[in-house]
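Novice: how would this look folded up:
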Amino acid sequence: MRWALVKVCLAVTAMVVIAFAVPLGLVIKEMARDRAFSDAERQAATIGPTLTITTDREELTRAVLSTEPGGRGRLAVHVPATEQGGSRQEIGTRRATRADLETVRKSGRASITDVPGGSALLQPTALGSGGIAVVEVFVPADEVTNGVGTAWLVLAGVGIALIVGSVAVADRLGVRMVEPAQRLAGAAQDLGEGRLGTRVPEEGPTELRSAAVAFNSMADQVVQLLANERELAADLSHRLRTPLTVLRLNAASLGEGPAVEQTRAAVEQLEHEVDTIIRTAREQRPQTQGGQQGAGAGCDASEVIRDRMGFWSALAEDEGRTVRLAGVDRTVRIPVARPELVAALDALLGNVFRHTPEGTAFAVDVHHSGDAVLVLVSDAGPGIPDPESALARGASGRTGVRGEVGSTGLGLDIVRRVAESTGGDLRIGRSVLGGTEVRIWIGLDGGPAERARRGHREGRRNGRRTRPWAGRS
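Specialist: Residues are numbered from 1 along each chain as shown. Next up is the predicted model:
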């Protein structure tokens with residue numbers, strides 16, 4: 001495309017230069033010729049007054065030699081014979097033929113004839129005696145073309161400069177169009193090969209900028225779709241941890257025996273496979289923002305919390321855990337889908353059973369402030385010192401209180417995304433029970449919850465954050 005544009009510009013500019021330069025050169029040539037013969041006519045006219053006065057040879061000779069062309073041997077005067085007996089006279093060097101002289105004398109009109117070495121201007125002049133004399137002025141060929149060669153060289157230089165300039169401009173325009181197209185093609189190939197971070201600079205002509213914007217938007221959507229797919233696989237796998245926790249706890253209470261050991265081994269194997277799925281999805285996830293929860297979905301937080309606490313209370317009773325539930329005696333509508341809230345609660349409550357010893361008490365409290373809902377999940381466990389790593393998705397890998405390994409670090413991320421989808425936030429601190437406290441801010445209209453989230457982040461920047469606690473998955 002670049003060279004095609006250069007060739008087209010070269011051809012068009014060359015045709016324009018030829019169309020203007022050639023006629024202009026011919027005009028300059030004709031002007032030089034007219035100038036040379038105009039000077040010759042003027043020089044011939046200087047002899048006219050002398051011829052009207054006298055035809056004496058000596059007088060005419062002095063008059064001819066006094067002129068510039070006469071002194072250089074380029075002017076001649078041809079006087080015909082008169083009826084009073086005067087003889088024919090030729091003063092100066094004759095170059096034109098006698099026939100040409102006779103023709104001019106009879107016609108009475110000036111004429112230009114070719115002679116060896118140039119041209120001759122034949123100018124008829126009336127004599128005082130009534131005859132017609134002919135003044136001949138020789139014009140060399142180099143004077144006829146004087147300045148024409150220089151003019152042609154100037155025109156050729158200007159034409160070449162125009163052609164070179166137009167080709168350079170066309171090449172720059174071609175580069176400006178071709179390079180964005182090449183970058184777009186290369187980016188499409190990179191994206192097709194799996195380099196999802198490839199983007200195209202939005203540069204170049206308007207059409208190519210539009211194409212780059214469309215490509216970048218498409219790439220972002222592809223990355224987002226892949227991220228959502230992998231997040232869904234990881235989150236669905238993580239939700240299997242809840243029934244696996246129940247199976248593991250039940251297997252622990254079965255006593256001893258071959259069947260019990262096989263059941264425990266099967267549960268451990270299944271839990272390991274689920275963790276592997278979660279880690280694989282996490283490792284393959286492209287760097288992109290997580291999907292937002294649907295703001296239009298909603299559920300009754302009190303009803304969901306009562307339901308999940310009913311499920312976990314049975315396990316808590318088996319392990320001798322004290323359970324407290326408060327703030328769920330009235331309906332609390334939140335803009336979170338029921339499955340998402342269930343997944344978040346199961347992740348937090350599952351952490352309590354997984355990372356605290358048997359007999360550790362825990363509590364769930366719900367507070368409604370009009371524009372936001374605060375859900376507190378606290379326990380009396382030991383806690384861990386690094387809450388930042390606990391909040392980092394996929395950065396866990398911690399060992400539970402029973403020695404099991406395989407925490408994927410997705411639990412708190414699920415909870416955080418649920419909160420942030422409403423404009424809220426997730427906080428970690430020390431509970432009044434002495435262990436861990438997870439505070440889930442759920443915004444109802446993006447008002448106080450959003451301000452609380454900004455205040456929480458500002459507090460972290462100023463070092464006023466609550467004391468760290470035991471990180472969880």
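Novice: most centrally placed residue in this structure?
Specialist: Centroid check for the chain by C-alpha atoms, centre = their mean gives E202 as the closest residue, at 2.2 Å.
Novice: would you map the strands across the stretch 101-250 of the chain?
Specialist: Along the stretch 101-250 of the chain, the stretches classed as strands by DSSP state E, counting those that start in this stretch are 111-115, 118-126, 132-140.
Novice: dump those into a markdown table; add distance to R74 as well.
Specialist: For the C-beta atoms, the positions are set from N, CA and C on the backbone; glycine is no exception. A markdown table is the format used below for these (distance: least, C-beta to C-beta, whole Å):
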| stretch | distance to R74 |
| --- | --- |
| strand 111-115 | 11 |
| strand 118-126 | 9 |
| strand 132-140 | 4 |
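Novice: ranking those strands by burial, who's on top?
Specialist: strand 132-140 (a mean of 23; mean count of other C-beta atoms under 10 Å).
Novice: and that strand, how far out from the chain middle?
Specialist: Remark: strand 132-140 is offset 76 Å from the chain centroid, using C-alpha atoms, centre = their mean, to the nearest Å.
Novice: pretty sure L433 contacts A361?
Specialist: Yes: using C-beta atoms under 8 Å, L433 makes contact with A361 at a distance of 6.1 Å.
Novice: anything in contact with each of those two?
Specialist: Common contact partners of L433 and A361 (C-beta atoms under 8 Å, 6 or more residues apart in numbering): D379, A380.
Novice: what is the neighbour count of V432?
Specialist: 10 (other C-beta atoms under 10 Å).
Novice: check the secondary structure at it for me.
Specialist: Three-state secondary structure (criterion: DSSP: H, G, I helix; E, B strand; the rest coil) places V432 in coil.
Novice: now do the contacts for it.
Specialist: Residues in contact with V432 (C-beta under 8 Å, 6+ apart) are S378.
Novice: who touches the residue nearest to C9 when sequence neighbours are not counted in this structure?
Specialist: In space, C9 comes closest to A170 once its chain neighbours are excluded; the distance is 3.6 Å by C-beta to C-beta, 6 or more residues apart in numbering. When the contact criterion is C-beta under 8 Å, 6+ apart, the partners of A170 are L5, V6, V8, C9, L10.
Novice: so what pLDDT did A170 get?
Specialist: Reading off the confidence values, A170 has pLDDT 81.
Novice: could you do the one 10 residues further on as well?
Specialist: Turning to P180, the model gives it a pLDDT of 80.
Novice: next one: V154
Specialist: At V154, the pLDDT value in this model is 89.
Novice: what do you get for R467?
Specialist: pLDDT, read off for R467, is 35.
Novice: and stretch 160-179, what's buried?
Specialist: Within stretch 160-179, the residues that count as buried by 16 or more other C-beta atoms under 10 Å are L162, I163, S166, V167, A170, D171, G174, M177, V178.
Novice: could the residues you listed be laid out in CSV, adding distance to A214?
Specialist: Formatted as CSV, the entries for these read as follows, by distance: C-beta to C-beta, whole Å:
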residue, distance to A214
L162, 39
I163, 38
S166, 33
V167, 33
A170, 27
D171, 28
G174, 23
M177, 17
V178, 19
